[in-house]
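Participant: sequence unknown, structure follows:
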């Protein structure tokens, strides 16, 4: 490559600045969402740009020369920033970005030049300036990301500048901006893009958690044979009370919990350590201790307690308001401190307890993925052997893992109400999706994209759809059915008789005594039945008619139901009605006699 002379770069630089003045775009900080020169109009500008650049002698590689000149113009714009840049200053930057973008679309400059210029700008700006530059990326995403490939070209530059920008940001203070960057990457690359996938199944073993592993409390010291324990010595020397002894035991338990909990961070960073039985047994014991301690840190009302029982020494605990509780749940801690002095406060933090339990749950899911059943499912279509581990979980350890998973979920929901249920369900949904991604990764990240349907297939489908939905003037089959025709023409009181009935006559309910007659006929049929299937059908018919009869009778004879037998049969209803009717007749007869006798006495 022949390097251009400095005079050539200066001339190109002047031309770019003159083009910026005449370049009509909407590149202002307040109107970034408007479009720049439309793609159909680009071809008309290509020859004009080429003729302008061709007027400069000594250009052997126009793309390289344009890149050098564009960087020089960028440095001039950035050096003009004084203190906090204004919207007008960033407007000049946006205008340069748009010009470089149009030149790359016209294939006059290198396709990677827009991202290279933007990356250079991000390296010179603080966080506030990076947010303003990123607004341009979001506004021009459709044109900047045409033909982006994560493995080559401008796709590599895009990934690099986004990763470098993420390293600058604070995960706790710039969470929204980090989310915008991830959303931008999601829109820029297809879902099946493998550039951000851990294809080899590597763990972040460099993530070391430092804590005081040699912590030893006085209570945990082992006494020598024949000597007094530390507790007995404390009671004899200082006359410590039973309450003070309980406090010492609580402190010692918290010391042991501190060492146990933070030692599991090694397993979280490198779960393959659990392939050794000694480490797995230690992990099992640690999980049991942590779950018990976390449950003991919650009172009957779901509030956090002090794990050491030293609330009386620290003052009365103020009850959290709902607003404070919401702020606590929404807090984000990228990495917790491991100081022993802070451990008591961390145990009392609901977010911390959930943070630790979710880590345990992730490791348990990893162990369950190593069971014989799941490995057989995963290896069915597996092509990527890097994410498959040679270790297979034993049946006994698999049962323990299933039980441990339930214990962790119960600990997440323990006295937490609906908030705990919602949190545990959300975690379960995330882990379920993660299983699907792992299988997709084992299948060598097959593309989700489908081929575009050809025009010929669309036309064939359209013609077939039109033919199937076309309305025919003449029906292929005549209306009606043979059985319906027989009822219409041969039955004396069939369909023709139904036409003459009124709506009330058609919908009138039969008397319940009609059902009783039908039931009696069915009982007779049952006596003559020859097969079990026939008897069952008749019994079902009797039950159906009895239910219908009682339903009809309930409309105006419901007061008789209290006197029915336990079987609630229609025969019992008839007997009850007949008995009450006979009693009423006798009562009326006696009442009539009394009236006649009273009339004779009065006369």
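Facilitator: Looks like it came in fine. These numbers were taken from a predicted model, which means no experiment stands behind them. Numbers count the residues shown, from 1 in each chain.
Participant: At which residues are the strands of the chain located?
Facilitator: Per DSSP state E, the chain carries no strands over any range.
Participant: Which parts of it belong to which domain?
Facilitator: Per automatic domain parsing, the structural domains of the chain span 6-188, 243-309+332-442, 509-602.
Participant: Kindly reformat those domains as JSON lines containing mean pLDDT and distance to residue 470.
Facilitator: The way it works is simple: take the backbone N, C-alpha and C, and place the C-beta from them, glycine included. Converted to JSON lines, the domains of the chain look like this (pLDDT from 0 to 100; distance: least, CB to CB, whole Å):
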{"stretch": "domain 6-188", "mean pLDDT": "77", "distance to residue 470": "40"}
{"stretch": "domain 243-309+332-442", "mean pLDDT": "82", "distance to residue 470": "43"}
{"stretch": "domain 509-602", "mean pLDDT": "75", "distance to residue 470": "45"}
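Participant: for those, which one sits closest to residue 212?
Facilitator: domain 243-309+332-442 (6.0 Å; CB to CB).
Participant: returning to what we had before: do you know which of the domains of the chain lies nearest residue 471?
Facilitator: Of all the domains of the chain, domain 509-602 sits nearest to residue 471, with 42.0 Å by CB to CB.
Participant: Of the domains of the chain, which is nearest residue 456?
Facilitator: That would be domain 6-188 among those, by CB to CB, at 26.9 Å.
Participant: re the thing from before, of the domains of the chain, give the one that comes closest to residue 466.
Facilitator: Evaluated over the domains of the chain, closeness to residue 466 peaks at domain 6-188, with 34.3 Å, by CB to CB.
Participant: got the domains of the chain as CSV, with distance to residue 196 columns?
Facilitator: Formatted as CSV, the domains of the chain follow (distance: least, CB to CB, whole Å):
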stretch, distance to residue 196
domain 6-188, 8
domain 243-309+332-442, 11
domain 509-602, 64
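Participant: how about those, which one is nearest residue 457?
Facilitator: domain 6-188 (26.2 Å).
Participant: What's the end-to-end length of that closest one?
Facilitator: Across domain 6-188, the terminal residues are separated by 37 Å (CA to CA, to the nearest Å).
Participant: Over to stretch 376-387?
Facilitator: Rule used - CA to CA; the end-to-end distance of stretch 376-387 is 14 Å.
Participant: Next, the buried residues of that stretch.
Facilitator: Buried residues in stretch 376-387, counted by 16 or more other CB atoms under 10 Å: 378, 382, 384, 387.
Participant: Surely residue 374 is in contact with residue 365?
Facilitator: No: Residue 374 is beyond contact range of residue 365, at 10.1 Å (criterion: CB atoms under 8 Å).
Participant: Identify the contacts common to the two.
Facilitator: Common neighbours of residue 374 and residue 365, counting by CB atoms under 8 Å, 6 or more residues apart in numbering, are absent.
Participant: What does residue 348 show for phi and psi?
Facilitator: In terms of degrees, to the nearest 10, the main-chain angles of residue 348 are phi -80, psi 0.
Participant: Wait, it touches residue 294, no?
Facilitator: No: when contacts are counted by CB under 8 Å, residue 348 is not listed as touching residue 294 (10.5 Å).
Participant: the more surrounded of those two?
Facilitator: A count of neighbours by other CB atoms under 10 Å puts residue 294 above the other of residue 348 and residue 294, at 23 against 19.
Participant: quick one, what contacts that one?
Facilitator: Shown in contact with residue 294 (CB under 8 Å, 6+ apart): 347, 353, 356-357, 411, 414.
Participant: give me that answer again for 6 Å
Facilitator: 353, 411 (CB atoms under 6 Å, 6 or more residues apart in numbering).
Participant: roughly how far apart are it and residue 347?
Facilitator: 8 Å (CB to CB, to the nearest Å).
Participant: how about the helices of the stretch 1-150 of the chain, start to end?
Facilitator: With helices called from DSSP state H, counting those that start in this stretch, the stretch 1-150 of the chain shows them at 6-22, 39-54, 62-79, 87-105, 113-124, 127-139, 141-144.
Participant: Present those as CSV; the columns should include mean neighbour count and distance to residue 544.
Facilitator: Converted to CSV, these look like this (neighbours: other CB atoms under 10 Å; distance: least, CB to CB, whole Å):
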stretch, mean neighbour count, distance to residue 544
helix 6-22, 15, 89
helix 39-54, 12, 74
helix 62-79, 18, 88
helix 87-105, 21, 78
helix 113-124, 20, 77
helix 127-139, 18, 69
helix 141-144, 15, 67
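Participant: so which of those helices comes closest to residue 159?
Facilitator: Residue 159 lies closest to helix 113-124 among those, at 9.9 Å (CB to CB).
Participant: what's that closest one in contact with?
Facilitator: Contacts with helix 113-124, where a contact means CB under 6 Å, 6+ apart, come from 67, 70, 74, 78, 100-101, 104, 130, 133, 154, 157-158, 161, 165.
Participant: how does it look with 7 Å?
Facilitator: For helix 113-124, contacts defined as CB atoms under 7 Å, 6 or more residues apart in numbering pick out 67, 70-71, 74, 78, 93, 97, 100-101, 104, 130, 133, 137, 144, 154, 157-158, 161, 165.
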